[in-house]
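Novice: Sequence first, then the predicted structure:
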Amino acid sequence: MNIEEKRALWEKEEALAGMTGWDFSHLNGRLIEKELPWSYKSKVQDFLKPDSRILDMGTGGGEFLLSLRHPFHLTSVTEAWEPNLRLCEKKLAPLGITVRQSWDDKPLPYDDAQFDIVLNRHEFYNIDEVRRVLKPGGYFITQQVGGSNGLRLRKMLCGGETAMRDFNLENELPKFRAAGFSINYKNQCYVEDRYLDVGAFVWYAKVLPWEFPDFSVERCFSQLLELDALCEKLGYIPHTQHRFILIARKRK
C-alpha cells in the first residue's frame, strides 16, 4: 500500500468516527486490551443491595448500568452529551429510570442525601457534590482514566501533555479524606493496550477529542506514518492505559 492509499484509508476511518452511548465495537478484532487488576463491575456488586438507591454519573447509553439489573425505580442517571442524553431519554426513561442532564460546572440535579451509592466510571466528578447527594454512610464507587493515560501518543500527536497530568490516585485520596470520606478500597495501574492497525487508532483518537485535541489525519499525517512503521516493526501500536479505582464512604 503506497502513502496516498494509506492516507485515503485513514481518512475513511476518520470519517467513520462517531459514537452514541459507549460503544467501541468498531475496534473488535483490531484492539487487544489487557485486563485491569480489578473488575469495576464486581466491586460495584460487592456493595449493591436490592434496595439501594443509586445514581450513575455520565451513564453514556446506560450500557454498564443495565448490566447490573438493578430495580429501575431505584435508579437515576446523569448525562451531559446531548446525543447520549437523547438516547437515555429514549432507552432508559421508559423503564422507570430517572434521567437528568448534568454539566461539569453545575450542581448535580438531585436533592441532598438522596442516594446510597453513586457510581462513576470515567466521568468528571466534584467531590463536594458527590458528598451532598449521598446519604450518610453512602458509597462513591469510581473508576477513572488517570492523567498519564496514553501520554506518549498524546505527546507525539498533539505536542503536549494533558491538562490533568496530576490526576491520579495519590493526589485524589487526601481530597476525599478532607471532604469527609473514609476509603474502603483503592488501586491504580498502568497497562498496555495494542492497536493492530493505524486506522483503528485513528478512529479511537477521533472519538475521544478530550484525549487527542485537534487530532486529524491531515494535521498528524507524518506522525501517523511513524506509527505505521512502528506497527510494521512490532505488529501493533502500544498505548498505555492509566486507571485508578476508589471506593469512598461518606462518614455518618
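Specialist: Done, it's in.

Novice: these two touch, right, Asn84 and Asp23?
Specialist: No - if you go by CB atoms under 8 Å, Asn84 and Asp23 don't touch, sitting 10.6 Å apart. Placement of C-beta: from N, CA and C, glycine included.

Novice: More neighbours: which of the two?
Specialist: Taking neighbours as other CB atoms under 10 Å, Asn84 and Asp23 compare with Asn84 leading, 22 against 12.

Novice: Next, the more buried one: phi, psi?
Specialist: phi -70, psi -40 (degrees, to the nearest 10).

Novice: Pull the number of nearby residues for Ala93.
Specialist: Ala93 - counted by other CB under 10 Å - has 14 other residues nearby.

Novice: which residue packs closest to it, ignoring adjacent ones?
Specialist: Spatially, and ignoring its direct neighbours in sequence, Ala93 is nearest to Val99 (4.8 Å; CB to CB, 6 or more residues apart in numbering).

Novice: which ones are touching the one you found?
Specialist: 76-77, 79, 85, 88-89, 92-93 (CB atoms under 8 Å, 6 or more residues apart in numbering).

Novice: tell me which residues in the helix or strand encompassing it are buried?
Specialist: Using DSSP states H and E, the element containing Val99 is strand 98-101. Under the neighbour-count criterion of 16 or more other CB atoms under 10 Å, strand 98-101 has 98-101 buried.

Novice: any chance of those in TSV, with pLDDT and distance to Arg194 too?
Specialist: Putting the buried residues of strand 98-101 into TSV (pLDDT from 0 to 100; distance: CB to CB, whole Å) gives the following:
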residue	pLDDT	distance to Arg194
Thr98	98	39
Val99	98	36
Arg100	98	38
Gln101	97	36
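
Novice: What is the nearest of those residues to Ile127?
Specialist: The nearest member of the buried residues of strand 98-101 to Ile127, counting by CB to CB, is Arg100 at 19.7 Å.

Novice: so what's the closest residue to the closest one other than its chain neighbours scoring on pLDDT?
Specialist: Counting by CB to CB, 6+ apart, Arg100 lies nearest to Pro109, which is 4.4 Å off, once chain neighbours are set aside. pLDDT, Pro109: 98.

Novice: and Pro109, how far is that from Ala80?
Specialist: Note on Pro109: its distance to Ala80, by CB to CB, to the nearest Å, is 11 Å.

Novice: do Leu151 as well
Specialist: Taking CB to CB, one finds Leu151 at 25 Å from Ala80.

Novice: Across the sheet, point out what pairs with the residue nearest to Ala93.
Specialist: Residues in a beta bridge with Val99, per DSSP bridges, are Val77.

Novice: any idea how far Leu108 is from it?
Specialist: Val99 is 13 Å from Leu108, by CB to CB.

Novice: again, but for Gln114
Specialist: Distance from Gln114 to Leu108, by CB to CB: 9 Å.

Novice: How about Lys49?
Specialist: 22 Å.

Novice: Among the two, which residue is more densely surrounded?
Specialist: Legend: neighbour count by other CB under 10 Å for Lys49 and Leu108, higher for Leu108 (21 against 11).

Novice: Can you give me the neighbour number for the closest residue in space to that one that isn't next to it in sequence?
Specialist: The shortest distance from Leu108 to any non-neighbouring residue, by CB to CB, 6+ apart, is to Glu129 (4.8 Å). Neighbours of Glu129 under the rule other CB under 10 Å: 16.

Novice: so Glu129 touches Tyr110, yeah?
Specialist: No - counting by CB under 8 Å, Glu129 stays clear of Tyr110, with 9.3 Å between them.

Novice: nearest spatial neighbour of Gly61, skipping sequence neighbours?
Specialist: Nearest to Gly61 is Gly21, by CB to CB, 6+ apart, at 2.5 Å.

Novice: OK, contacts around the one you found?
Specialist: 60-63, 84, 87.

Novice: Nearest the geometric middle of this protein, what residue?
Specialist: His122 (2.9 Å; CA atoms, centre = their mean).
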